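Asks: here is my input, please return the structure:
(one chain, ligands or ions: 4)
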Amino acid sequence: MTTATLHSTTVLPVMESFYTIQGEGFHQGKAAYFIRLGGCDVGCVWCDVKESWDADKHPQRPVSALVAEAAMHPGRIAVITGGEPLMHDLRALTEALRAEGFRTHMETSGSSPLSGKWDWITLSPKKFKAPLPESCAAAHELKIVIYNKSDFAWAEQYAAKVEPSCKLYLQPEWSRANEMTPLIIEYVKANPKWQISLQIHKYLNVP
Ligand SMILES: C[S@@+](CC[C@H](N)C(=O)[O-])C[C@H]1O[C@@H](n2cnc3c(N)ncnc32)[C@H](O)[C@@H]1O
Ligand SMILES: Nc1nc2[nH]cc(C(=O)O)c2c(=O)[nH]1
Ligand code: SF4
Ligand SMILES: [Mg+2]
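Replies: Ligands and ions are numbered 1, 2, ... in the order given. The predicted structure follows:
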């Protein structure tokens, strides 16, 4: 049996999957198919998908079925998110997505070991469980959630750990967006290596 065949038998806990507009970061505004995997051991107090945390609450689904559903839509960006996707072995999923012509993107805290083949890794480090050095090295985009003023200095610590080519984004924590967005605007104006990332899907009322 080949490695690819072995991987094709894999199942993953899936909370939801949906075709939408990427609302955040460098690829904001592009059509993308999202697969939200269950399970997260990071525990951010302000997490906007706490329902994802317990993997056992979500059905185990075969990778082949997930990719077949994704391929029914015309977009060819697949975003793997969660929960914390790197709690799972993502080799089979990324191989199968690429075989269908998808570019593989991931949203991760980087706190569990990397697996899979990725065209784009969005690293969003968390104070609650720090990212591994390998995730910092692999990130194409660093996206720091700003919950209070002290998070700007914390963001700079991670900007120093990623590659020089890594894009840098500051994103207001949603419940504090009214207070934090003006601070982010001033910070980006003073520190133009950073850009602002808004969660535009929440303004557009799409998933
Ligand atoms: C729900 S997380 C799932 C992926 C992974 N666990 C992570 O945190 O990167 C997806 C993205 O949403 C961000 N996020 C989560 N809750 C948020 C909130 N309340 N406001 C703004 N961004 C949030 C995360 O930082 C991450 O960039
Ligand atoms: N439209 C849309 N864009 C997103 N970008 C990152 C998301 C995520 O939850 O990982 C997300 C999401 O949940 N919806
Ligand atoms: S790491 Fe991501 S999914 Fe996990 S609690 Fe934090 S924001 Fe939520
Ligand atoms: Mg989201």
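
Asks: when you work out contacts or count neighbours from here on, use the C-alpha atoms and nothing else.
Replies: Fine.

Asks: give me phi/psi at the residue nearest to Ile146 when sequence neighbours are not counted?
Replies: Spatial nearest neighbour of Ile146, excluding adjacent residues (CA to CA, 6 or more residues apart in numbering): Pro172 at 4.9 Å. Dihedral pair for Pro172: phi -70, psi 140, per degrees, to the nearest 10.

Asks: any low-confidence regions in this structure?
Replies: For the chain, the stretches with pLDDT under 70 are 1-9.

Asks: so where do the helices sit in it?
Replies: In the chain, the helices defined using DSSP state H lie at 3-8, 63-70, 91-99, 133-138, 151-159, 177-190, 200-204.

Asks: closest to ligand 3 out of these?
Replies: helix 133-138 (13.5 Å; CA to the nearest ligand atom).

Asks: ok, the closest one near ligand 1 or not?
Replies: No. With CA under 6 Å from any ligand atom as the criterion, ligand 1 is not reached by helix 133-138; the gap is at least 11.4 Å.

Asks: now that helix: buried residues?
Replies: Ser135, Cys136, Ala138 (16 or more other CA atoms under 10 Å).

Asks: what's the closest of those residues to Phe102?
Replies: Closest to Phe102 out of these is Ala138 (19.3 Å), distances taken as CA to CA.

Asks: distance-wise, check the closest residue in space to Glu100 that isn't next to it in sequence relative to ligand 3.
Replies: Distances taken as CA to CA, 6+ apart put Ala71 closest to Glu100, at 7.0 Å, once the chain neighbours are dropped. Ala71 is 25 Å from ligand 3, where distance means CA to the nearest ligand atom, to the nearest Å.

Asks: Ala71 is in contact with Arg103, isn't it?
Replies: No. Using CA atoms under 8 Å, Ala71 is not in contact with Arg103; the gap is 11.9 Å.

Asks: which bits of this protein sit near ligand 2?
Replies: Close to ligand 2, as judged by CA under 6 Å from any ligand atom, the chain has residues Thr20, Ile21, Gln22, Gly23, Glu24, Thr81, Glu107, His201, Pro207.

Asks: apply 8 Å and report the result again.
Replies: For the chain, the contact set with ligand 2 under CA under 8 Å from any ligand atom comprises 20-25, 28, 34, 36, 48-49, 79-82, 107-108, 199-202, 206-207.

Asks: in strands, which of the residues you listed appear?
Replies: Among the residues of the chain next to ligand 2, DSSP state E puts Thr20, Ile21, Phe34, Arg36, Val79, Ile80, Thr81, Gly82, Glu107, Thr108 in strands.

Asks: neighbour-wise, which one of those leads?
Replies: Per-residue neighbour counts (other CA atoms under 10 Å) across those peak at Gly82, which has 28 neighbours.

Asks: for that one, what are its contacts?
Replies: Shown in contact with Gly82 (CA atoms under 8 Å, 6 or more residues apart in numbering): Met15, Ile35, Arg36, Leu37, Gly38, Gly39, Cys40, Val49, Ser52, Glu107.

Asks: so in terms of bridging, what pairs with it?
Replies: Leu37 (DSSP bridges).

Asks: what is the neighbour count of the residue nearest to Glu100?
Replies: Neighbours of Ala71 using other CA under 10 Å come to 17.

Asks: please report the distance of it from Cys136.
Replies: 30 Å (CA to CA, to the nearest Å).

Asks: done for today, thanks.
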